[in-house]
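Colleague: One predicted model, sequence on top.
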Amino acid sequence: MILADCIVSRCNQLLTCRGPIPKRKDDLKDVGVLANGSIASSEGKIVFVGEDEDLKKNVQLVDGGKHIDGQGYVGLPGFVDSHTHLPFAGSREEEFKLRLEGHTYQQLAEKGMGIQTTVNATREATREDLVRLSLERLDSMLTHGTTTTEAKSGYGLNIEDELKQLYAIRQANNTHPIDIVSTFMGAHEVPKEYRSRKEDYIEILTQEILPRVRENQLAEFFDVFCEEGVYSIEETRHLIRTAKAEGFKIKLHADEFAPLGGAVLAAEEGAVSADHLIAISDEGIDTLARSQTVATLLPGVSFFLMQDKKAPARKLIDKGAIVALATDFNPGSSMTESLFFVMQLAVFTLKMGVEEAVNAVTANASYALTRDQEIGSLEVGKKMDLVLCRAPHYLTLVYHFGINPIKHVIKNGNVVLKDGIVMSEKNGEA
Ligand code: NIG
Ligand code: FE
């Protein structure tokens, strides 16, 4: 008999999203549906996934263990949000209003609004402020099914405030049930005090801030905003190579507005992911398709900026790229913590299939954080990170849009969201 301390039985459908991971092309259409599916875990790790009859024969609940009846629910792996700008202060409603009146995001950025507004607010905030804001936002993420998230710095743009953001991420990770993977993004923008001498900032970034981040093990990834008017391809290459030499894994904000060639650079440099890609070229698509670099699409951005232009999800998938989805949660271009909503947007605005979108927020998203051995699918040995949605069928998760069907979330075998309410402690069950 297999002993378990957590069992969820008889889900209408259990989407295992089982590997191999990463998934490309037709593999993205397979979400591993188990009708009447059950799952069990012990000490946070999955020990059984299968049909309910087999569960009954093979699995025994230990005294004091918990059992959830999954009837009426669709179960799927905890969502993995591989691109967020979590620890920022302030918000940008004023800028939003101006955009509604016809000003573009880039026009406003040129006038000193945009990222710089949030940099000012974040510099003024204390580390404790950033922790408190992050924890509130993590609760919101959990309510929408996210169990692992990435979080970037990049609103400090000097040593003190970049480190402050990264320490806030560390503290939030130690406090909240959601696991956080940290990214250093000192190259998110050129700070206003260095606009006329960008080389000096690049020098500070690579010679002073980066070593401190590494010494204190404050980030696993390094990210650059490779964009017209921000960091050029040459500058980005230099930054990435320096970060790689210091042991960082690479992500890139690539080809968001202008087709600079960030996607090709990301693949050439062995980046784990190239993100955005609204303006990617055909060469970029072909290069990513042949590479191990994940194409991370952020449809919240085109939606929030009300742009007709969208990332070419269909071309990327059909050519064989590893496609993931993420929120890009930030106050300027995608103010949402809901990866669940982003999954719906991917279907409605990027023409991804529901199955493709599910795999892109689970299996492939775990690969975009190099966590595919631990999370991203419901398989024996992986973490018991499970989302339970009140729905008859997984298609309903997108078909019935604009509502939140997520009722329960289990993280590491602990119930951390119960009937839509966040449980308070790191280990769940308040
Ligand atoms: O990923 N593109 C650059 N950075 C963010 C936007 C940040 C902001 O506007 O504050 C993004 O879209
Ligand atoms: Fe971003």
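Modeller: Good, I have the coordinates. Ligands and ions are numbered 1, 2, ... in the order given.

Colleague: Could you tell me which residues within stretch 390-402 count as buried?
Modeller: Neighbour-count burial for stretch 390-402 flags Arg390, Ala391, Tyr394, Thr396, Leu397, Val398 (criterion: 16 or more other CB atoms under 10 Å). (C-beta placed from N, C-alpha, C; glycine too.)

Colleague: TSV for the residues you listed, including distance to Glu136 and pLDDT?
Modeller: Output for these, formatted as TSV (distance: CB to CB, whole Å; pLDDT from 0 to 100):
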residue	distance to Glu136	pLDDT
Arg390	24	98
Ala391	27	98
Tyr394	30	98
Thr396	29	98
Leu397	25	98
Val398	27	98
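
Colleague: Of these, which is the nearest to ligand 1?
Modeller: Here the nearest of those to ligand 1, counting by CB to the nearest ligand atom, is Val398; it sits at 23.8 Å.

Colleague: Might you report the residue contacts of the closest one?
Modeller: Contacts here follow CB atoms under 8 Å, 6 or more residues apart in numbering; on that basis Val398 touches Met343, Gln344, Val347, Phe348, Val354, Ala357.

Colleague: Then Ala368?
Modeller: For Ala368, the contact set (CB under 8 Å, 6+ apart) comprises Val80, Ser82, His83, Val272, Ser273, Val294, Thr296, Ala324, Ala326.

Colleague: any idea which of these has the most stuff around it?
Modeller: Within the contacts of Ala368, most neighbours by other CB atoms under 10 Å means Ser82, with 34 neighbours.

Colleague: so that one touches Thr296, yeah?
Modeller: Yes. Judged on CB atoms under 8 Å, Ser82 makes contact with Thr296 at a distance of 5.9 Å.

Colleague: Overlap in contacts, the two.
Modeller: Ser273, Ala324, Ala326, Ala365, Ala368.

Colleague: Which of these fall in helices?
Modeller: Ala365 (DSSP state H).

Colleague: Return the closest of the shared contacts of Ser82 and Thr296 with respect to ligand 1.
Modeller: Ala326 (9.8 Å).

Colleague: for the closest residue to that closest one other than its chain neighbours, what are its contacts?
Modeller: Spatial nearest neighbour of Ala326, excluding adjacent residues (CB to CB, 6 or more residues apart in numbering): His83 at 3.7 Å. For His83, the contact set (CB under 8 Å, 6+ apart) comprises Glu150, Lys152, Lys251, Ser273, Asp275, Thr296, Leu298, Ala326, Thr327, Asp328, Ala368.

Colleague: I'd guess the first one is in a strand, am I close?
Modeller: Spelled out, that is Glu150. Yes. Per DSSP: H, G, I helix; E, B strand; the rest coil, Glu150 lies within a strand segment.

Colleague: Quick check: pLDDT value at it.
Modeller: At Glu150, the model reports a pLDDT of 99.

Colleague: I'd like to know how far it sits from Val119.
Modeller: Distance of Glu150 to Val119, given as CB to CB, to the nearest Å: 20 Å.

Colleague: and the two? which has more neighbours close in?
Modeller: Glu150 (30 against 23).
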